[in-house]
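Enquirer: coords please:
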Amino acid sequence: MCFSGGPTCAVIALKCPHIRVTIVDLNQARIDAWNSPDFNLPIYEPGLEDVVREARGRNLFFSTDVDKGIRDADLIFVSVNTPTKKSGVGAGFAADLNYVELATRRIAATATSSKIVVEKSTVPCRTAESMRTILDANSKPNARFDILSNPEFLAEGTAIDDLFAPDRVLIGSLQTQEGKEACAALSEVYQNWVPKEKILTVGLWSSELSKLAANAMLAQRISSINALSAICEATGANIAEVAHSIGQDSRIGPKFLRASVGFGGSCFQKDILNLVYLSESLNLKEVAEYWKQVVTMNEYQKRRFSKRVVDTLFNTITGKRIAVLGFAFKADTGDTRESAAITLIRDFQQERALVNIYDPQVESAQIWTDLTEANPYVPLATTQRQVFICSSALEACKHAEAVVIATEWAEFKTIDWEAVYAGMNKPAFVFDGRLLVDADKLRSIGFNVTVIGRGERL
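Expert: Numbering: from 1, shown residues only. This next block holds a predicted model:
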């Protein structure tokens, strides 16, 4: 199950107590976590536990009996991972639809009555066509399928609020009588709490493309402001002031104009690469190059930041201890996919630095897994002699030469920076990759402070 599936179905159960919602997964450990007595849920998302507490056992259930779930359902959400392919045709760009196909074949093989099948995963345009072909070729007598696209537009960290009060709910269907009736059935579910005018019904292919387009546009804004942050550092301008100034323009607006060490998460890079592959397959080379540059700029921003750390620390960090605060790709989530911290730490490892890591939500096992994937030719035992996971920010900073803020956790604003300074080697450096700290206050304590997007010229 992908990230959005659990929270979405939990909220549907909460808002629609008359509808029975069963979340099925082949992963027993994950289902056990959803059913855990202490609500130790498999994903961290603010507000999710409260939703599950209220609905679980009433009309919200979790099970590994996938076949029963399929047989009993009238409406089936297909919410599975669609990672970027790592090998074969389209490797590095195209979405891997293996899990989508497996789920579709399971539905066709198991269903004994007609179903509405809903794409919730982010998929390439016209994936529904492939799903329909598989379903029609393998369905049982008296079992017909209508396919809808209902992509999520959730932000991790605010997913529950996004579900409670969405900007819009998008439902795509074939423009046939059956397709429109299926669309109306799903719309009726959302109308239990979403105003009807916020439920947009469009063609199936427009819906599939809209999700990719939305994430590409958001990522484009981040890469744009990050590109400007490099100019700010070279000229003495302040990216926070520049972003505020242009954000006051009503045509632009202030959202997604906060410079950082780079975007991460499961969607932005994957969806842009998917869009690049789609454009190339349609022989739209200039379009593909345009969107590819968004990812190129993001990678450049991460490399630029890690290089600035090395340059500032007298052109070498070999044997020096660097405290990295934050490992999740953003605050208020435990998700580490494509996190900028992974790239930074890999770069520091290659420079033979010692690295202390602290994150309030990410499990140690996940950190080791991510670092192993980032450095596949470095044995884990070697990494663990160079990288250390700490239980607090203060512990991570002890005896360090530099502190790197990689995730914008609120608790990093309220650290006892005087105690941090007292425990660090001198001169002590802070590199703020998230525009989080009061640089002047830290300088008054004694730190040398470098803030992304802020030049040193007066």
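
Enquirer: Helices of the stretch 301-450 of the chain, residue ranges please.
Expert: Along the stretch 301-450 of the chain, counting by DSSP state H, counting those that start in this stretch, helices occupy 340-350, 364-374, 380-384, 393-397, 417-423, 439-445.

Enquirer: And the last one, what's buried?
Expert: So that's helix 439-445. Neighbour counts over helix 439-445 (16 or more other CB atoms under 10 Å) mark 439, 442 as buried. For every residue, glycine as well, the C-beta is placed using N, CA and C.

Enquirer: Most remote residue from the middle of the protein, which is it?
Expert: Distance to the chain centre peaks in the chain at Pro141, reaching 40.5 Å (criterion: CA atoms, centre = their mean).

Enquirer: so which helix or strand takes in that one?
Expert: For Pro141, there is no host helix or strand (DSSP states H and E).

Enquirer: Now do the lowest-mean-pLDDT helix or strand in the chain: which elements does it pack against?
Expert: Least confident helix or strand, the chain: helix 127-138 with a mean of 92, by mean pLDDT, DSSP states H and E. Contact partners of helix 127-138 among helices and strands, from 3 or more CB pairs under 8 Å, 6 or more residues apart in numbering; DSSP states H and E: helix 98-110, strand 115-119, strand 145-149, helix 204-235.

Enquirer: Output stretch 387-401 as CSV, nothing but the C-alphas.
Expert: What follows is stretch 387-401, C-alpha atoms only, in CSV (Å, rounded to 0.1, in the frame of the first residue of the first chain):
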residue,chain,number,x,y,z
VAL,A,387,27.9,7.4,10.8
PHE,A,388,26.2,7.4,14.3
ILE,A,389,22.5,7.7,15.1
CYS,A,390,21.8,9.8,18.2
SER,A,391,18.8,10.1,20.5
SER,A,392,18.7,13.9,20.8
ALA,A,393,19.9,17.0,18.9
LEU,A,394,22.1,17.9,21.8
GLU,A,395,23.8,14.5,21.7
ALA,A,396,24.3,14.7,18.0
CYS,A,397,26.0,18.1,18.2
LYS,A,398,28.4,17.1,21.0
HIS,A,399,32.1,17.4,19.9
ALA,A,400,31.0,18.3,16.4
GLU,A,401,32.7,20.9,14.2
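
Enquirer: buried residues in that stretch?
Expert: Buried residues in stretch 387-401 (16+ other CB under 10 Å): 387, 389-390, 393, 396-398, 400-401.

Enquirer: Distance check, the spatially closest residue to Asn375 that is not a sequence neighbour against Glu373.
Expert: Nearest non-adjacent residue to Asn375, counting by CB to CB, 6 or more residues apart in numbering: Arg346, 5.8 Å away. From Arg346 over to Glu373 the distance is 10 Å, taken as CB to CB, to the nearest Å.

Enquirer: Same question for Phe329.
Expert: Counting by CB to CB, the gap from Phe329 to Glu373 is 14 Å.

Enquirer: the more surrounded of these two?
Expert: Phe329 (26 against 10; other CB atoms under 10 Å).

Enquirer: And that one, its phi and psi?
Expert: phi -70, psi -20 (degrees, to the nearest 10).

Enquirer: and what of Leu170?
Expert: Per-residue torsions, Leu170: phi -110, psi 130 (degrees, to the nearest 10).

Enquirer: next one: Leu60
Expert: Backbone torsions for Leu60, taken as degrees, to the nearest 10, come to phi -120, psi 120.

Enquirer: So it sits against Asn35, correct?
Expert: No - applying CB atoms under 8 Å, one finds Leu60 not in contact with Asn35, separated by 10.6 Å.

Enquirer: how about JSON lines for the buried residues of stretch 387-401, with pLDDT and distance to Ile452 added?
Expert: Shown next, in JSON lines, are these (pLDDT from 0 to 100; distance: CB to CB, whole Å):
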{"residue": "Val387", "pLDDT": "98", "distance to Ile452": "23"}
{"residue": "Ile389", "pLDDT": "98", "distance to Ile452": "25"}
{"residue": "Cys390", "pLDDT": "98", "distance to Ile452": "23"}
{"residue": "Ala393", "pLDDT": "98", "distance to Ile452": "19"}
{"residue": "Ala396", "pLDDT": "98", "distance to Ile452": "20"}
{"residue": "Cys397", "pLDDT": "98", "distance to Ile452": "19"}
{"residue": "Lys398", "pLDDT": "98", "distance to Ile452": "24"}
{"residue": "Ala400", "pLDDT": "98", "distance to Ile452": "19"}
{"residue": "Glu401", "pLDDT": "98", "distance to Ile452": "19"}
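
Enquirer: want to try TSV for those, with distance to Ala165 as columns?
Expert: As requested, these are exported to TSV (distance: CB to CB, whole Å):
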residue	distance to Ala165
Val387	41
Ile389	37
Cys390	37
Ala393	33
Ala396	37
Cys397	39
Lys398	43
Ala400	42
Glu401	45
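
Enquirer: so which pair among those is furthest apart in space?
Expert: The distance between the two most remote of the buried residues of stretch 387-401 (CB to CB) is 18.7 Å, for Ile389 and Glu401.

Enquirer: just to revisit the earlier point, looking at Leu60 and Asn35, which one has more neighbours?
Expert: The neighbour count for Leu60 versus Asn35, taken as other CB under 10 Å, is higher for Leu60 (23 against 15).

Enquirer: How about the contacts made by the more buried one?
Expert: Applying CB atoms under 8 Å, 6 or more residues apart in numbering to Leu60 gives the contacts 9-10, 13-14, 21, 23, 52.

Enquirer: Hmm, Val169 is touching Glu197, no?
Expert: No - Val169 is beyond contact range of Glu197, at 10.6 Å (criterion: CB under 8 Å).

Enquirer: Which residue of those two possesses the greater neighbour count?
Expert: A direct count of neighbours by other CB under 10 Å for Val169 and Glu197 places Val169 higher, at 22 against 7.

Enquirer: That one and Leu148, how far apart?
Expert: Counting by CB to CB, the gap from Val169 to Leu148 is 12 Å.

Enquirer: Excluding sequence neighbours, find me the nearest residue to the residue nearest the centre of the chain.
Expert: Geometric centre of the chain, nearest residue: Gly265, 2.7 Å, by CA atoms, centre = their mean. Using CB to CB, 6+ apart and skipping residues adjacent in sequence, the residue nearest Gly265 is Phe329, 4.8 Å away.

Enquirer: Any stretches of the stretch 301-450 of the chain with poor pLDDT?
Expert: Within the stretch 301-450 of the chain, no range satisfies pLDDT under 70.

Enquirer: cool, the stretch 1-150 of the chain as well?
Expert: Filtered on pLDDT under 70, the stretch 1-150 of the chain yields the residue ranges 1-3.

Enquirer: Compute the number of surrounding residues for Gln350.
Expert: Neighbours of Gln350 under the rule other CB under 10 Å: 11.
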